[in-house]
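Enquirer: When you get a sec, could you give me coordinates for this:
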Amino acid sequence: MKPLFMLLLCCATGTVNCQPLSFKQTPPDVMPKPDFDLTAYMQTHVQYPEKARRKHLEGKVDVSFVVNEDGTVGKVEVLKQVSPELDREAVRVVSEMPHWMPGRKDGKPVRVRYTLPVNFKLN
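Expert: Coordinates of the predicted model:
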């Protein structure tokens with residue numbers, strides 16, 4: 001089985017902070033990173049579900065995903081649920097993210113698991 005690394009990626013109030021969460025193996029030499037502006041992507045692609053808007057639902061959905069060796073995003077799952085509508089939207093947006101620059105260990109690409117909080121707040 002190929003090693004899988006983990007990193008917590010926070011996206012809140014227009015800022016993105018990267019902090020190690022836990023590593024099952026030795027951390028990669030080079031962490032993967034989006035080849036795009038993650039904050040701008042989230043702000044332009046998240047669509048507040050109408051049903052959730054009518055119910056005045058708000059909250060933070062924690063979504064876990066893996067950046068694969070080729071930079072694709074996979075294995076998307078919800079770790080912290082808010083509502084079915086908000087959970088589905090968070091998974092949809094993360095699943096459709098463009099390719100990332102993959103992490104590297106000893107010069108070879110490795111898979112890395114991320115957790116991304118997706119915040120839903122009505123104005």
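Enquirer: Every contact and neighbour count from this point should use C-alpha atoms.
Expert: Fine.
Enquirer: quick one: buried residues of stretch 39-47?
Expert: Neighbour counts using 16 or more other CA atoms under 10 Å place 42, 46 of stretch 39-47 among the buried residues.
Enquirer: Quote the end-to-end distance of stretch 56-76.
Expert: Chord length of stretch 56-76, first to last residue, is 26 Å (CA to CA, to the nearest Å).
Enquirer: pLDDT (mean, whole number) over it?
Expert: For stretch 56-76, the mean pLDDT works out to 94.
Enquirer: In it, which of the residues would be classed as buried?
Expert: Within stretch 56-76, the residues that count as buried by 16+ other CA under 10 Å are 57-69, 71-74, 76.
Enquirer: do stretch 78-94 as well
Expert: 78, 81, 85, 86, 87, 89, 90, 91, 94.
Enquirer: Out of these, which sit inside helices?
Expert: Taking DSSP state H as the definition of helices, those contribute 85, 86, 87, 89, 90, 91, 94.
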